[in-house]
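Trainee: Below are the sequence and a predicted model for it; my questions follow.
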Amino acid sequence: MATYPSIPRHVAIIMDGNGRWAKERGRPRLDGHRSGAESVTEVLKGCIELGIDYLTLYAFSSENWSRPKAEVSALMTLLNQFLKSKLKDLDRQNIRLLCIGQLDRLPTKTRELIQRTVAHTANHAAMTLVLALSYGGREEIVAAARSLACDAAAGKINPADIDNPLFASRLQTADIPDPDLLIRTSGEMRVSNFLLWQISYAEMVIVKKYWPEFGREDLSEAVAEYQRRHRRFGAL
Ligand code: IPE
Ligand code: IPE
Ligand code: MG
């Protein structure tokens with residue numbers, strides 16, 4: 001049965017191109033990350049206007065830990081600033097914050113700020129912002145497999161009962177619907193270890209612009225492109 005998409009319920013974004021944006025302007029990479037943080041604010045507003053329920057942003061990947069120390073620590077500082085300064089906005093806009101990823105690898109200060117913001121916004125219902133931090137899709141899948149294997153070894157579950165829903169319930173996104181629309185900026189045609197399980201039927205829109213140039217209009221255009229797609233989910 002064909003499905004004619006309306007507004008995507010869940011939009012996931014690989015926010016790429018901060019460094020190249022800065023380099024083209026003869027500025028340090030950090031300026032690109034700073035400017036990228038402003039795009040986040042813009043896109044959040046756009047999501048509320050469009051009536052999108054979930055926005056997941058790929059902010060820092062498992063692989064990004066291998067960047068130079070100075071860049072990693074600058075990104076963590078920026079993340080801390082973002083979390084501190086956004087609390088009021090999230091409150092005012094009634095947005096709930098969730099975080100996925102290997103959060104135990106983050107600096108203590110960042111973890112505390114996350115905990116505080118997540119707890120403070122837990123009952124907000126206008127929309128959910130999911131930050132993927134120190135996130136890797138393979139790591140998430142391996143952790144789910146490990147948790148099922150432990151339960152099977154302890155005799156709590158029967159391996160024959162492991163199916164898609166049970167597996168998905170062990171992912172960090174257990175309570176979040178799968179993304180309908182996956183956007184990547186800066187023109188790269190790859191998923192870079194992002195939500196590997198969850199994007200199995202997401203519509204992909206690749207945007208040429210670098211993330212710091214991406215705004216509300218671009219989000220609307222990506223959604224319009226999504227609405228022109230014909231999602232078949234393997235059926236006819
Ligand atoms: C995306 O921009 C932000 C993060 C990955 C943290 P990049 O830093 O990857 O910028 P480019 O891809 O080098 O231009
Ligand atoms: C993906 O961007 C990760 C984030 C946007 C956080 P990268 O810049 O790290 O990905 P690659 O290295 O181009 O695949
Ligand atoms: Mg990049």
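Mentor: In hand now; what should we look at? Numbering: from 1, shown residues only. Ligands and ions are numbered 1, 2, ... in the order given.

Trainee: can you list the residues of this structure near ligand 1?
Mentor: 15, 16, 17, 18, 19, 20, 60, 64, 75, 186 (Cβ under 6 Å from any ligand atom). For glycine as for every other residue, the C-beta is placed from the backbone atoms N, C-alpha and C.

Trainee: Return the subset of these lying in helices.
Mentor: Among the residues of the chain next to ligand 1, the residues falling in helices (DSSP state H) are 18, 19, 20, 75.

Trainee: so which of those residues is the most crowded?
Mentor: residue 18 (24 neighbours; other Cβ atoms under 10 Å).

Trainee: Local confidence estimate at that one?
Mentor: Listed pLDDT for residue 18 reads 98.

Trainee: same question, residue 236
Mentor: Per-residue pLDDT puts residue 236 at 89.

Trainee: How about the secondary structure of the residue located most distally from the centre of the chain?
Mentor: Ranked by distance from the centre of the chain (Cα atoms, centre = their mean), the top residue is residue 155, with 34.5 Å. At residue 155 the chain is in coil, as set by DSSP: H, G, I helix; E, B strand; the rest coil.

Trainee: And the helices in the chain?
Mentor: According to DSSP H, the chain carries its helices in the segments 18-24, 29-50, 69-92, 108-120, 137-153, 164-168, 216-228.

Trainee: residues near residue 151, how many?
Mentor: 16.

Trainee: give me the low-pLDDT residue ranges for this structure?
Mentor: Within the chain, the ranges that satisfy pLDDT under 70 run 1-5.

Trainee: mind putting the helices of the chain in CSV, distance to residue 196 included?
Mentor: Converted to CSV, those look like this (distance: least, Cβ to Cβ, whole Å):
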stretch, distance to residue 196
helix 18-24, 23
helix 29-50, 23
helix 69-92, 23
helix 108-120, 23
helix 137-153, 3
helix 164-168, 12
helix 216-228, 20
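
Trainee: Figure out which of those is closest to residue 181.
Mentor: helix 216-228 (4.6 Å; Cβ to Cβ).

Trainee: Summarise which helices and strands the closest one is packed against.
Mentor: strand 10-14, helix 29-50, strand 181-184, strand 203-206 (3 or more Cβ pairs under 8 Å, 6 or more residues apart in numbering; DSSP states H and E).

Trainee: So which bits of the first one are buried?
Mentor: Neighbour-count burial for strand 10-14, with 16 or more other Cβ atoms under 10 Å as criterion, is recorded at 10, 11, 12, 13, 14.

Trainee: Going by distance to ligand 1, which of the residues you listed wins?
Mentor: Among these, residue 14 lies closest to ligand 1 (Cβ to the nearest ligand atom), at 8.2 Å.

Trainee: which residues sit in contact with the closest one?
Mentor: 58, 182, 183, 184, 185, 188, 191, 192, 194 (Cβ atoms under 8 Å, 6 or more residues apart in numbering).

Trainee: now residue 198
Mentor: Counting by Cβ under 8 Å, 6+ apart, residue 198 has contacts 12, 171, 173, 178, 179.

Trainee: Just give me the closest of those to ligand 1.
Mentor: Ranked by distance to ligand 1 (Cβ to the nearest ligand atom), the contacts of residue 198 are led by residue 12 at 14.5 Å.

Trainee: what sits against the nearest residue to residue 21 once chain neighbours are set aside?
Mentor: Closest residue in space to residue 21, ignoring its immediate chain neighbours: residue 210 at 3.8 Å, by Cβ to Cβ, 6 or more residues apart in numbering. By Cβ under 8 Å, 6+ apart, the contact set of residue 210 is 16, 17, 18, 20, 21, 32, 185, 186.

Trainee: Against ligand 2, how distant is residue 210?
Mentor: 11 Å (Cβ to the nearest ligand atom, to the nearest Å).

Trainee: What values do phi and psi take at that residue?
Mentor: phi -70, psi 160 (degrees, to the nearest 10).
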